[in-house]
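**Q** Below are the sequence and a predicted model for it; my questions follow.
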Amino acid sequence: MANSKYEYVKSFEVEDEIMLPIIIVVHIDNRDFSRFSEVHEFVKPNDKRALELMNECAKAVLEQFPDIIFSYGFCDEYSFVFKKQTKFYHRRASKILSLIISYFSTIYVTKWKELFPQTEMRFPPSFQSRVISCASMEVLQSYLAWRQRDCHLSNQYNTCLWELIRNGKSETEAQEILKGTQKQEKNELLYQGFNINYKEQETIFRQGTCILKTEVQHIVKYKQDGSPVQRLRMKAIKVHSKNIASRSFWNDYLCLCRELGHFEEDANKIKPEYVKSFLHVSKLMPSTWIVIRIDGCHFHRFSDVHEFEKPNDARALNLMNSCAVSVLEEFKDIVFSYGVSDEYSFVLKKESQLYQRRSSEIVSAVVSLFSSMYTMKWKEFFPQKELKHPPYFDGRAVCYPTSEILLDYLAWRQVDCHINNQYNTCFWMLVKSGKSKSEAQNYLKGTQAQEKHELLTRLSGIIDYYNTLPLMFRQGSSVFWDKQEEEEIANQGKDAVGKCYKVVVDHCNIIEKSFWEAHPEILGEKFNGNFSSGSYGSLRRITCCDCKVSKLARSNNLSLPEQPATNFL
Ligand code: GTP
Ligand code: MG
């Protein structure tokens, strides 16, 4: 990792380790399920294929992450329970919740065609996740009982609702009929009104689904005499149970008891104070810039498997940029983003109230959308390559109290980009010239920027070789809302009404203040005393803006940032 004077910004990152012996549960649900299910014409009230797709994703999650031992899901949600002693990503909450949601989102996209062969995925699925801390087995038991009770209640309600609608009632009439009804009344309505015995409905609808790890005998090889050699292996299996929080169900699975513990009694009542704790989510500090930084997980391996060009693969970087554009278009509070290699930083405006500033919701929504987009867009950028491994990302949220510190944060990332890129360019050129990887590493040990510069010129035979490399490699990518040119607006005719701004990808020097001076609307406030008071201070990045804003910017003759000095970083 590169060292620079900006490194101090790391001290704003907060610890979020979940201490032992707390049991970690990650709860996920679809961020916009009603729209997603509407657009993809899911059967109401339950679409079995959609549920099986969720189950397939959960199974893939259990297979990918050995420390997840149990999961339970229904409708558009799933809960994943980790082994009690897990050290997964050193028990850091944001790492855990983001990795799970990212992997789940990617698998949802990749498995879609298996479950919905006739239906095109029209927009990316996006999920949210949070960590539920269970202080004891009793709390975990209550959590599971609570989720299964919700499964039952919502399924019973929705079954009644859609039967009423199918039989001529409007949605509001149906809701009115069901208002205040008890379980028994709903069962009677179904039986007498529609000849449906609720208890005979499919178990997957009424009870939800558990995917859990259990030990099974596995044949590793056969001896010469033909007899099998068997070993115990952990396998994810799918089960349904009427009461997943009962002793009889839980205690039947040795793995669950060994890795988590027993249920001492049956859970008769779900304590409201426990439910309150399940719903608790911490919020990010008000009036601070929020940066969500995401980073590809094991991208070293991912880039090898997919034969990315070394040290920079323009297609891979452009794919990252394209996903960032989608994220900006979706979350209007993101005013700027900066990406390099397998990471991206998204800056939310200071006063953002996105998800009431609940950290896990913001992080997971951004990571999930980015991951879905990356998977969906893969073929666009790598038409000749199959996606061999699911790409997934981790994410974190960090608050920065002032614009100056925020800009130092971004400068830190850009310095890192430059230092890593210069090193990697040298490294791979040395390898290409015949050195082994360890020889190249030793050769570069302790070299300064100027020496690397000269080395590149010497090896390539091109003067100032480093600066002939594409700006995207040297400066990373900045994605932000920018004013459209007048010509562009004019060409769009009527369509341009209210669309003066668009998301652009640029490869510019964001360390130099000139960039921020030329784009005052990004931060929307004065910084470093560089701006005179007045209209600049009140300019805001807007998606659907009053045309006057862009005219105002132009009439003040804002010059474009100069091409950055070549070895500027
Ligand atoms: P974790 O993030 O800790 O999971 O590790 P990681 O393997 O993702 O490595 P890290 O995030 O530290 O660094 C990103 C890695 O992605 C680089 O070391 C490269 O191996 C790889 N990578 C990213 N972009 C490119 C590219 O354009 N070309 C190639 N060849 N590799 C790339
Ligand atoms: Mg990485």
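**A** Yes, it's here. Ligands and ions are numbered 1, 2, ... in the order given.
**Q** residues near the closest residue to F123 other than its chain neighbours, how many?
**A** Once flanking residues are discounted, F123 sits nearest to V39: 6.7 Å by CB to CB, 6 or more residues apart in numbering. Every C-beta, even on glycine, is put in place using the N, C-alpha and C of the backbone. By other CB atoms under 10 Å, the residues close to V39 number 13.
**Q** what's G339 sitting at in phi/psi?
**A** G339 has phi and psi values of phi -130, psi 150 when expressed as degrees, to the nearest 10.
**Q** and the residue of the stretch 1-150 of the chain nearest ligand 2?
**A** Using CB to the ion, the closest approach of the stretch 1-150 of the chain to ligand 2 is made by L99 at 11.3 Å.
**Q** Tell me if the helix or strand that that residue is a member of is near ligand 1.
**A** Using DSSP states H and E, L99 sits within helix 93-115. No. If you take CB under 6 Å from any ligand atom as the test, helix 93-115 misses ligand 1, and the best it gets is 9.3 Å.
**Q** counting contacts, what elements does that helix pack onto?
**A** Under the contact definition 3 or more CB pairs under 8 Å, 6 or more residues apart in numbering; DSSP states H and E, helix 93-115 sits against strand 23-30, helix 48-64, strand 77-82, strand 127-134, helix 359-381, strand 393-400.
**Q** List the strands paired with the first one, with their directions.
**A** Using DSSP bridges, strand 23-30 pairs in its sheet with strand 77-82 (antiparallel), strand 127-134 (antiparallel).
**Q** Just send these back as JSON lines, with distance to E404 and mean neighbour count too.
**A** What follows is the strands paired with strand 23-30, written out as JSON lines (distance: least, CB to CB, whole Å; neighbours: other CB atoms under 10 Å):
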{"stretch": "strand 77-82", "distance to E404": "40", "mean neighbour count": "25"}
{"stretch": "strand 127-134", "distance to E404": "32", "mean neighbour count": "23"}
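**Q** Quick check: which ranges of the stretch 251-400 of the chain have low pLDDT?
**A** By pLDDT under 70, the stretch 251-400 of the chain has no low-scoring segment.
**Q** at 80 instead, please
**A** Residue ranges of the stretch 251-400 of the chain with pLDDT under 80: 268.
**Q** Near ligand 1, which residues of it are found?
**A** So far as CB under 6 Å from any ligand atom goes, the stretch 251-400 of the chain lies against ligand 1 at 295-300, 303, 308-313, 316-317, 341-342.
**Q** Just want the most central residue of this structure.
**A** For the chain, V367 is the residue whose C-alpha lies nearest the centre (CA atoms, centre = their mean; 1.6 Å).
**Q** picking that back up, quick one: mark the members of the residues of the stretch 251-400 of the chain next to ligand 1 that sit in helices.
**A** When DSSP state H defines the helices, the subset of these inside them is 299-300, 303, 316-317.
**Q** and these, which two are the farthest apart?
**A** Distances among those were taken as CB to CB; the most separated pair is H300 and L317, at 15.7 Å.
**Q** between those two, which one's more packed in?
**A** L317 (23 against 9).
**Q** What separation is there between the more buried one and L328?
**A** 17 Å (CB to CB, to the nearest Å).
**Q** now swap in S368 and tell me
**A** S368 is 15 Å from L328, where distance means CB to CB.
**Q** So between the two, which is more surrounded?
**A** S368 (30 against 22).
**Q** surely that one meets I101?
**A** Yes. In this structure, S368 is within contact of I101 by CB atoms under 8 Å, at 4.8 Å.
**Q** Which neighbours do the two have in common?
**A** Taking CB atoms under 8 Å, 6 or more residues apart in numbering as the contact rule, S368 and I101 both touch 127-129.
**Q** Let me have the residues you listed in CSV, adding pLDDT and distance to ligand 1 as columns.
**A** Converted to CSV, the shared contacts of S368 and I101 look like this (pLDDT from 0 to 100; distance: CB to the nearest ligand atom, whole Å):
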residue, pLDDT, distance to ligand 1
F127, 98, 21
Q128, 97, 22
S129, 97, 18
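**Q** which bits of the protein sit near ligand 2?
**A** Within the chain, the positions near ligand 2 by CB under 5 Å from the ion are 295-296, 299, 342.
**Q** which of the residues you listed sit farthest apart?
**A** The largest separation in the residues of the chain next to ligand 2, counting by CB to CB, is between D295 and F299 at 8.0 Å.
**Q** what is in contact with these two at once?
**A** D342.
**Q** Which parts of this protein are strands?
**A** Using DSSP state E, the strands assigned to the chain run over residues 23-30, 68-74, 77-82, 127-134, 209-222, 228-239, 289-296, 334-340, 343-348, 393-400, 477-483, 501-506.
**Q** N251: how many residues sit nearby?
**A** N251 is flanked by 13 other residues according to other CB under 10 Å.
**Q** swap in Y72?
**A** 26.
**Q** and it, what are its bridge partners?
**A** Following DSSP bridges, Y72 is listed with bridge partners S79, C210.
**Q** who touches it in this structure?
**A** So Y72 contacts 78-79, 144, 147-148, 208-210, 244 (CB under 8 Å, 6+ apart).
**Q** Would you mind putting the ones in helices among the residues of the stretch 251-400 of the chain next to ligand 1 into a markdown table with distance to K332 alongside?
**A** As requested, those are exported to a markdown table (distance: CB to CB, whole Å):
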| residue | distance to K332 |
| --- | --- |
| F299 | 29 |
| H300 | 34 |
| S303 | 32 |
| A316 | 27 |
| L317 | 25 |
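**Q** if I look at N420, how far off is F427?
**A** Relative to F427, N420 is positioned 10 Å away (CB to CB).
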